[in-house]
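# below are the sequence and a predicted model for it; my questions follow.
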Amino acid sequence: QVQLVESGGGLVEAGGSLSLSCAASGSFLRVNVMGWYRQAPGNQRELVAAIINSGSTNYADSVKGRFTISRDNAKNTVYLQMNSLKPEDTAVYYCKAEIQERTLAGTGTFLYWGQGTQVTVSS
């Protein structure tokens, strides 16, 4: 069974930094896209940043220049370094991964979510 296990997050003052990590475990062939999403109370879940296994990245405009996404393909782990945090970054952060697995028909690609981790930025 494939699982995404997140770590990191917590409480920090505005202007501070936090880092998140998310590791994929279980039986699978390959992890394709990995990304971070966030959801604040009353808001929809939104993309923060994503990275494909070649290293190409994509960021939400609101975090460009402040957040950095990276991955370690050997460890099937994605990281999010968050600097210059603002109160509006407060949310539950979720890891998402597109994972290729063996199926009875050959192979298939499935989406998985982490359990979520709270990031709170005080003003």
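The structure has been received and is ready for your questions. Residues are numbered from 1 along each chain as shown.
# would you map the strands across this protein?
Secondary structure of the chain (DSSP state E): strands at 3-8, 10-13, 18-25, 30-39, 46-51, 57-59, 67-72, 77-82, 91-103, 106-113, 117-122.
# can you put these in TSV and add mean pLDDT and mean neighbour count?
Just so you know, the C-beta spots here come from the backbone N, C-alpha and C atoms, and that holds for glycine as well. TSV is the format used below for these (pLDDT from 0 to 100; neighbours: other Cβ atoms under 10 Å):
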stretch	mean pLDDT	mean neighbour count
strand 3-8	96	16
strand 10-13	98	13
strand 18-25	98	20
strand 30-39	97	20
strand 46-51	98	18
strand 57-59	97	15
strand 67-72	97	18
strand 77-82	98	23
strand 91-103	97	18
strand 106-113	96	12
strand 117-122	98	16
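# endpoints of stretch 12-32, how far apart?
End-to-end distance for stretch 12-32: 31 Å, by Cα to Cα, to the nearest Å.
# repeat that for stretch 43-61.
Span of stretch 43-61 from end to end, Cα to Cα: 17 Å.
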